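Visitor: Okay, predicted coordinates and the sequence, questions at the end:
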Amino acid sequence: LRYESLDESIKPPSDKIEFSTLNFFDLDISEDYKFNLVYDYTFLCALDPSIRVNWAQKMSDIIKKDGMLFSVIFPIQSEDIPGPPFSVTLELYKELLLPVGFKCIKLENLPPEL
């Protein structure tokens, strides 16, 4: 989806949008530019387990104190399957995010039919 192709009624002002291509761990965001919301779609499972703590800390660094992390968690599977994607669990997310200041609002598996 290209910005130019968006309907004018839903297009945010171009001076309010910035696109960047860089390493997530290299993000250096000042307090004034922290995010209200980060939508994380299966990012953690792509990362080697040895750097997962860094992921949690960086999420804490880039999201405002009253901001929110919305994370789609996948794959929940046996840990003996080599990755990527690497196995994750609901408990792992709590273990990583609670110590860096996040509060768990809702954490649940989807119903099997989904």
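Guide: All right, it came through fine.
Visitor: quick one: I62 and N36 touch, right?
Guide: No: at 10.8 Å, I62 and N36 do not qualify as touching, with contact defined as CB atoms under 8 Å. Just so you know, the C-beta spots here come from the backbone N, C-alpha and C atoms, and that holds for glycine as well.
Visitor: When the two are compared, which one has more neighbours?
Guide: I62 (17 against 9; other CB atoms under 10 Å).
Visitor: burial of the nearest residue to K58 once chain neighbours are set aside, as a residue count?
Guide: Leaving out its chain neighbours, the residue that sits closest to K58 by CB to CB, 6 or more residues apart in numbering is F25, at 5.9 Å. Neighbour count of F25, defined by other CB under 10 Å: 11.
Visitor: do L97 as well
Guide: Residue crowding around L97 was assessed by other CB under 10 Å; the count is 21.
Visitor: Please report the distance of the residue nearest to it when sequence neighbours are not counted from L47.
Guide: Leaving aside its sequence neighbours, L97 sits nearest to A56 (CB to CB, 6+ apart; 5.4 Å). For A56, the distance to L47 equals 10 Å [CB to CB, to the nearest Å].
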